[in-house]
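Engineer: Just a sequence and a predicted model for now, questions to come.
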Amino acid sequence: MIYALLIFILVLLGLTVWLASIDGSYYITRSIELDVSREKAFELISDFNTWTSWSPWLCLEPDANVSVSKDGKAIGAVYKWTGKMVGVGEIEHKSLKKDVSLEQEIRFLKPFKSRSDVFWMLSGKGEMCELTWGMKGKMPFLFKFMAKNMEPWIGMDYERGLKMIKDKLELGSIASEIKIDGIENIQPDQFIATRTSCNMKDISSSMKEAFNQLNNLANDKNIQAEKALAIYHNFDIKNPVCEYSAGIITSSQFNLSNGFYVATLPAKKALKVTFKGDYKHLSNAWSAAYMYARSKKLKVSRSIDPIEFYLTDPTKETDPAKWITEVYLPLK
């Protein structure tokens, strides 16, 4: 008993020393270019009443409870949220410099308590504006080890939010609708695919090229494609390189060409999320899938790769708001 207590004390002391040696601070910024004036951009982001329309978190849980104090635009105005997936927290306007910058304080209450400084900076002239969204702060002592992950985690959320802000300002609407369907089975269909890797910022052009190759193959060998898919084999959020396969479901028989492979999807249960909208906002669906899985304590499989099925042909339906994609997150 004494030895066990001594070991516990030593482990606790070692953990304390280790945590004390970690800085625990973080500084995150993401920027985007907008084809609108600084005045128009400032008007949107400084009004808490607009936040539910472009929030990278509320789009995942639109039924979350939200309240805004005062008129939502003045110093001291507070935006509060409560949800099963997004947790509980609030953000307050601390400084507003019209058309130039905003300073805010964000306070998370659940799943754990923390506070951070949030800032916005606007630059540019005429009908062009660069908008920067940032966060800085320190993790609570027991969570200091998570500080190094804050940059990629929050950074991805900010990137999603900035894309939606851009569409809201430039187009007047955001082509992004999410429906969490629940747990379903992946069907064991045959597919042909090509495997490649790219930086995440180049994923759109990379996939376009991959599917062009698949379309050429299908036309050359008279392959009947039932639907298209993408399988994500590896994604490193700290060094955002994505390795994936682009493919088509088919029951056709054919001779394999160089650069392609044939396989069968694994029969496996998965969390299904249906996304309706522009592919540039597809990361909203994936964020919703992972957040829902965490909130429901679902165990995500590491042995089977996540899958997207594209149910709409963009060459026939040119309105991105009508594109439908099914996201499958395999479970243990």
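Structural biologist: Good, I have the coordinates. Numbers count the residues shown, from 1 in each chain.
Engineer: Now Asn199: phi and psi?
Structural biologist: Dihedral angles of Asn199 (phi, psi; degrees, to the nearest 10) stand at phi -70, psi 150.
Engineer: Count the residues that sit near the closest residue to it other than its chain neighbours.
Structural biologist: Excluding its sequence neighbours, the residue lying closest to Asn199 (Cβ to Cβ, 6 or more residues apart in numbering) is Val241, at 5.9 Å. All C-beta atoms are positioned from the backbone trio N, CA, C, and that covers glycine. The local packing of Val241 (other Cβ atoms under 10 Å) involves 14 other residues.
Engineer: doesn't Thr196 make contact with Val241?
Structural biologist: No - contact criterion Cβ atoms under 8 Å: Val241 and Thr196 do not qualify, at 11.1 Å.
Engineer: so who does Gln213 touch?
Structural biologist: Thr194, Gly259 (Cβ atoms under 8 Å, 6 or more residues apart in numbering).
Engineer: Am I right that it is in a helix?
Structural biologist: Yes - assignment of Gln213 by DSSP: H, G, I helix; E, B strand; the rest coil places it within a helix.
Engineer: Quick check: the gap between it and Glu317.
Structural biologist: 22 Å (Cβ to Cβ, to the nearest Å).
Engineer: returning to that earlier point: show me the beta-bridge partners of the residue nearest to Asn199.
Structural biologist: Legend: beta-bridge partners of Val241 under DSSP bridges are Asn199, Asp236.
Engineer: residues contacting it?
Structural biologist: So Val241 contacts Ser197, Cys198, Asn199, Met200, Asn234, Phe235 (Cβ under 8 Å, 6+ apart).
Engineer: And it, how far from Ser205?
Structural biologist: 15 Å.
Engineer: can you tell me how far the closest residue to Glu226 other than its chain neighbours sits from Val262?
Structural biologist: Distances taken as Cβ to Cβ, 6+ apart place Ile249 nearest to Glu226, at 4.3 Å, with adjacent residues excluded. Going from Ile249 to Val262 by Cβ to Cβ gives 11 Å.
Engineer: Which one of those two is surrounded by more residues?
Structural biologist: Neighbours per residue (other Cβ under 10 Å) separate Ile249 from Val262, with Ile249 holding more: 18 against 12.
Engineer: So in terms of bridging, what pairs with the more buried one?
Structural biologist: On the basis of DSSP bridges, Ile249 is bridged to Phe191, Lys227.
Engineer: quick one: contacts for it?
Structural biologist: Asp189, Gln190, Phe191, Ala225, Glu226, Lys227, Ala228, Leu229.
Engineer: If any of those are buried, give me the ChimeraX selection for them.
Structural biologist: In ChimeraX, a selection of the buried entries from the contacts of Ile249 looks like this (16 or more other Cβ atoms under 10 Å):
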select :189,190,191,225,227,228,229
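Engineer: For the stretch 1-150 of the chain, give me the ranges with low pLDDT.
Structural biologist: 1-24, 139-150 (pLDDT under 70).
Engineer: Show me the strands in it, by range?
Structural biologist: 25-34, 65-68, 78-83, 87-97, 101-110, 114-123, 129-138 (DSSP state E, counting those that start in this stretch).
Engineer: With mean neighbour count and distance to Ile174 as new columns, can those be given to me in TSV?
Structural biologist: Shown next, in TSV, are these (neighbours: other Cβ atoms under 10 Å; distance: least, Cβ to Cβ, whole Å):
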stretch	mean neighbour count	distance to Ile174
strand 25-34	16	14
strand 65-68	14	17
strand 78-83	19	18
strand 87-97	17	20
strand 101-110	16	21
strand 114-123	17	19
strand 129-138	19	16
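Engineer: Between these, which one is closest to Phe42.
Structural biologist: Checking these against Phe42 by Cβ to Cβ gives strand 114-123 as the closest, at 5.9 Å.
Engineer: Partner strands of the closest one, with direction?
Structural biologist: Strand 114-123 has these strand partners (DSSP bridges): strand 101-110 (antiparallel), strand 129-138 (antiparallel).
Engineer: Next SSE downstream of the lengthiest helix in the chain?
Structural biologist: Among the segments of the chain that qualify as a helix by DSSP state H, the longest is helix 147-170. Sequence order places strand 176-186 as the next helix or strand after helix 147-170, per DSSP states H and E.
Engineer: tell me which residues in that next one are buried?
Structural biologist: Ser176, Glu177, Ile178, Ile180, Ile186.
Engineer: Could you do stretch 48-57 as well?
Structural biologist: Phe48, Thr50, Trp51, Thr52, Trp54, Ser55, Pro56, Trp57.
Engineer: Ends of that stretch, what's the gap?
Structural biologist: 14 Å (Cα to Cα, to the nearest Å).
Engineer: Figure out how far that stretch is from the centre of its chain.
Structural biologist: Mean-position distance between stretch 48-57 and its chain equals 15 Å (Cα atoms, centre = their mean, to the nearest Å).
Engineer: what does stretch 214-222 give?
Structural biologist: Centroid separation for stretch 214-222 versus its chain: 33 Å, with Cα atoms, centre = their mean.
Engineer: And the contacts of stretch 305-315?
Structural biologist: Counting by Cβ under 8 Å, 6+ apart, 186, 227-233, 265, 270, 282, 286, 320, 322-330 sit against stretch 305-315.
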